[in-house]
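Asks: build me a model from this:
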Amino acid sequence: MQSISKHLAWFDEHLLLIIASFLFVFIPLYPKLPLFDILPGYIVRVRLEDFFVATALLLWLVQVIRKKAQFHSLLLMPITIYLAVGFLSMLSAIFIIKTVPMEVNHVGKMALHWLRRVEYFSLYFVVYSAIKKVQHVKLFTILFGLTVITASIYGLGQKLYQWPVYSTMNREFAKGWKLVLTEHARVPSTFAGHYDFAAYLVLFLTISASVFLFDKREPVKVVSLIGFTAALISLILTSSRASYLSYLAAVTLAVSLLAFKKKDWLWGLKRWAIVIFVSITFMVGFGDLSQRFADAIDVGRITGYIKHDVLKLPEQDKYLQLTDDLALVTSPSDQPFVPESRIDRRTGKELPPDVTNDLPAWYESTESATMPGQMVAKAKPRTYSDNAFTFGLSQAIRFDALWPRAIKGFLSNPLLGSGYSTLTKERVELFTEAESTDNDILRALGETGALGFLAFYGIIGYALWHAWGKREELNQSFIYAVVAGIAASSIGLIINALYIDVFEASKVAFTFWTLMGLFVASVDKLGSKRPA
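Replies: Take a look at the predicted model:
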């Protein structure tokens with residue numbers, strides 16, 4: 001009987017640690033399979049992870065009431081301020097600037113986005129209360145590595161053996177379709193898309209590099225190196241330029257923080273050079289990432305765009321002129337070669353640099369319908385803007401549509417923005433099935449204005465500033481390495497947010513706020529402790 005009581009007491013003491021550890025592994029690895037719709041016609045659906053997170057939050061509240069967990073922590077007030085600003089933004093969108101109609105679906109969708117942020121933040125509180133010993137931080141670090149290695153192996157299976165892909169890139173796919181990767185598709189592993197997976201890897205790569213470089217224990221170094229290698233390969237297979245650059249910036253900052261602690265900048269410079277050399281070698285050695293960088297920095301194409309479309313100067317493209325001249329005096333075989341897959345079959349012109357196939361655009365029409373009111377899917381030639389030919393289709397979508405709409409949302413109410421889920425609408429009354437700005441900085445400004453932007457990024461900034469103030473108390477090398485890695489990866493994620501909505505991507509957001517709970521707990525509870 002005494003033994004049972006002892007086990008129950010241990011379980012009660014470690015309940016939050018158990019559920020937080022489970023979610024830290026389950027959320028990234030479990031595919032985004034839907035359970036049911038929460039709003040008709042909307043891409044966001046209820047998933048199994050939502051029930052688990054709700055259970056974790058409920059258990060945390062019970063433990064708070066029983067005084068087994070902490071309610072107050074460093075980020076309680078900043079998070080509360082942000083949620084209050086978000087709520088005011090919703091009221092403004094409905095009653096003041098009227099960017100959201102007073103209809104159940106529209107108001108419900110906006111409220112859903114606010115509640116999702118509550119859900120993301122909740123893991124910070126659960127993890128902060130769960131972390132009580134240095135061994136708990138080690139547990140999360142090991143679980144992070146094992147999760148990344150598993151996701152990386154699965155990504156290789158998707159690339160090489162057509163293992164299933166579950167995506168939420170559009171509403172139909174989000175129903176849980178089992179897909180496989182095409183030849184040029186980028187690896188998403190267990191995430192909704194390759195960008196989400198890449199952002200997740202930025203977090204782990206920075207932390208694992210920090211631990212590998214700073215902790216002297218051989219087992220720790222071996223495990224960190226294996227996880228780092230798997231994550232780097234996976235990052236390259238995602239072909240995400242923004243995440244790769246974010247990783248390079250984050251790991252540079254992490255090594256700087258380690259060198260600062262050691263007071264040896266030469267030590268840091270040597271190790272930074274090795275990490276960067278390995279990273280670039282891997283990037284150039286395989287995958288499509290190096291080609292995507294080459295497409296992005298085609299100086300001749302960009303210069304021509306600036307002269308012709310921005311400065312309105314006469315076109316003087318010597319390469320185009322050379323091709324035209326060759327056509328007059330030589331056979332076609334002597335002309336510069338462009339791969340067939342990059343040729344528009346209709347016009348014979350080269351496609352945008354990141355488009356590999358000339359696929360039509362599909363739309364619904366009543367034309368050719370056999371019954372009155374019937375909608376029939378029809379194809380039409382796909383057209384591309386000048387930005388698409390200059391910078392690639394991926395960037396052109398941002399330049400031509402997403403970013404201008406976010407700026408428009410900000411200008412509608414500079415203090416509170418136009419409200420959550422309003423930036424992709426062409427008309428106020430339009431109900432869009434998904435939201436994306438592909439720039440979380442502009443999205444925060446557009447949806448919640450300057451106040452929401454400052455409140456959200458102020459949460460992260462306040463945590464980093466607090467840790468910097470306590471840097472002298474971080475005496476244990478492992479804890480300092482983890483704290484430095486999380487701090488640097490947070491900056492890396494903000495850099496990534498210039499190109500991707502990373503803080504709205506659920507798997508990335510859950511992981512990030514879990515790490516913030518680990519970060520603050522390590523600084524406040526474990527900074528001056530020695531390992532037991």
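Asks: how much space separates Ser152 from Val428?
Replies: 44 Å (C-beta to C-beta, to the nearest Å). Bear in mind the C-beta positions are built from the backbone N, C-alpha and C, glycine included.
Asks: no wait, Phe478
Replies: As judged by C-beta to C-beta, Phe478 and Val428 stand 53 Å apart.
Asks: neighbour-wise, which of Ser152 and Val428 wins?
Replies: Ser152 (24 against 14; other C-beta atoms under 10 Å).
Asks: name the element that one belongs to?
Replies: Per DSSP states H and E, Ser152 falls inside helix 134-161.
Asks: what average pLDDT does stretch 245-265 get?
Replies: The pLDDT scores in stretch 245-265 average 96.
Asks: can you list the low-confidence ranges for the stretch 251-400 of the chain?
Replies: 286-394 (pLDDT under 70).
Asks: try it again at 50.
Replies: Low-confidence segments of the stretch 251-400 of the chain (pLDDT under 50): 299-300, 302, 305-307, 310-311, 313-341.
Asks: mean confidence for the helix holding Ser152?
Replies: The model assigns helix 134-161 a mean pLDDT of 95.
Asks: check which element follows that helix along the chain.
Replies: According to DSSP H and E, the helix or strand after helix 134-161 is helix 194-214.
Asks: for that next one, buried residues please.
Replies: With burial defined by 16 or more other C-beta atoms under 10 Å, the residues of helix 194-214 counted as buried are 194-214.
Asks: kindly report the same for stretch 222-234.
Replies: Per 16+ other C-beta under 10 Å, stretch 222-234 contains these buried residues: 223-224, 227-234.
Asks: which residues of the chain fall in strands?
Replies: 34-37, 45-47, 361-365, 376-380 (DSSP state E).
Asks: buried residues in the shortest one?
Replies: The one in question is strand 45-47. For strand 45-47, by 16+ other C-beta under 10 Å, it's 45, 47.
Asks: list the contacts of it.
Replies: 32-38, 174 (C-beta atoms under 8 Å, 6 or more residues apart in numbering).
Asks: and it, average pLDDT?
Replies: Here the average pLDDT along strand 45-47 is 92.
Asks: next: stretch 193-204.
Replies: Stretch 193-204 comes out at a mean pLDDT of 94.
Asks: residues making contact with that stretch?
Replies: By C-beta under 8 Å, 6+ apart, stretch 193-204 touches 28, 144-145, 148, 151, 155, 167-169, 186-191, 227, 231, 234-235, 238-240, 242-244, 246-247, 250, 489, 492-493, 496, 500, 502, 505, 507-508, 511-512, 515.
Asks: got it, and stretch 442-454?
Replies: By C-beta under 8 Å, 6+ apart, stretch 442-454 touches 82, 85-86, 88-89, 113, 403, 405-410, 413-423, 437, 441, 455-457, 501, 504.
Asks: could you pick out the buried ones from these?
Replies: Buried among the contacts of stretch 442-454 by 16+ other C-beta under 10 Å: 82, 85-86, 88-89, 113, 403, 405-406, 409-410, 413, 416-423, 437, 441, 455-457, 501, 504.
Asks: distance from the biggest helix by length in the chain to the middle of the chain?
Replies: Assignment by DSSP state H gives helix 440-469 as the longest helix of the chain. Centre-to-centre, helix 440-469 and its host chain are 16 Å apart (C-alpha atoms, centre = their mean, to the nearest Å).
Asks: over to stretch 499-517?
Replies: Distance, stretch centre to chain centre, for stretch 499-517: 7 Å (C-alpha atoms, centre = their mean).
Asks: export that stretch to CSV, keeping only CA atoms.
Replies: What follows is stretch 499-517, C-alpha atoms only, in CSV (Å, rounded to 0.1, in the frame of the first residue of the first chain):
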residue,chain,number,x,y,z
TYR,A,499,9.3,35.5,-45.2
ILE,A,500,7.0,33.0,-43.5
ASP,A,501,4.1,33.1,-41.0
VAL,A,502,6.1,30.9,-38.6
PHE,A,503,4.4,32.0,-35.4
GLU,A,504,1.0,30.9,-36.9
ALA,A,505,2.3,27.5,-38.1
SER,A,506,0.9,25.2,-35.3
LYS,A,507,3.7,22.7,-35.0
VAL,A,508,6.3,25.4,-35.0
ALA,A,509,4.3,27.6,-32.6
PHE,A,510,3.7,24.9,-30.1
THR,A,511,7.4,23.9,-30.2
PHE,A,512,8.5,27.5,-29.9
TRP,A,513,6.4,28.3,-26.8
THR,A,514,7.5,25.0,-25.3
LEU,A,515,11.1,26.1,-25.7
MET,A,516,10.2,29.5,-24.2
GLY,A,517,8.9,27.7,-21.1
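Asks: wait, Val187 touches Gln158, no?
Replies: Yes - counting by C-beta atoms under 8 Å, Gln158 is a contact partner of Val187 at 5.7 Å.
Asks: common neighbours of those two, please.
Replies: Leu181.
Asks: quick one, which of these two is more surrounded?
Replies: Set Val187 next to Gln158 and count neighbours by other C-beta under 10 Å: Val187 wins out with 27 against 21.
Asks: what sits against that one?
Replies: Counting by C-beta under 8 Å, 6+ apart, Val187 makes contact with 155-156, 158-159, 181, 194, 197, 234, 237-238.
Asks: ok, Lys6 next?
Replies: By C-beta under 8 Å, 6+ apart, the contact list for Lys6 is empty.
Asks: that one and Ser210, how far apart?
Replies: Taken as C-beta to C-beta, the span from Lys6 to Ser210 is 38 Å.
Asks: before we move on, what about Gly452?
Replies: 31 Å.
Asks: check Lys98 too.
Replies: Remark: distance between Lys98 and Ser210 (C-beta to C-beta) = 48 Å.
Asks: cool, Leu48 as well?
Replies: 32 Å.
Asks: one more: Leu474?
Replies: 12 Å.
Asks: next one: Pro188
Replies: 26 Å.
Asks: so who does Ala484 touch?
Replies: Contacts of Ala484 by C-beta under 8 Å, 6+ apart are 210, 214, 254, 257-258, 261.
Asks: what's the answer for Arg117, then?
Replies: With C-beta under 8 Å, 6+ apart, Arg117 has these contacts: 82-83, 86.
Asks: quickly list the domain ranges of this structure.
Replies: 2-293+433-525, 299-352+355-391 (automatic domain parsing).
Asks: ranking those domains by burial, who's on top?
Replies: For the domains of the chain, the largest average neighbour count (mean count of other C-beta atoms under 10 Å) is found in domain 2-293+433-525, namely a mean of 19.
Asks: thinking again about what came up before, and which of the contacts of strand 45-47 is nearest to Val483?
Replies: Lys32 (30.8 Å; C-beta to C-beta).
Asks: measure that closest one to Gly527 for me?
Replies: From Lys32 to Gly527 the distance is 37 Å (C-beta to C-beta).
Asks: same check, this time on Asn170
Replies: Taking C-beta to C-beta, one finds Asn170 at 46 Å from Gly527.
Asks: need the helices for the stretch 401-532 of the chain, in chain order.
Replies: 403-412, 440-469, 477-496, 506-525 (DSSP state H, counting those that start in this stretch).
Asks: orientation of the shortest one relative to helix 440-469 in degrees?
Replies: Going back to what we said before, that points to helix 403-412. Note on geometry: by axes from the mean of the first three to the mean of the last three C-alpha atoms, to 10 degrees, helix 403-412 and helix 440-469 are set 70 degrees apart in direction.
Asks: give me the mean pLDDT for helix 403-412.
Replies: 94.
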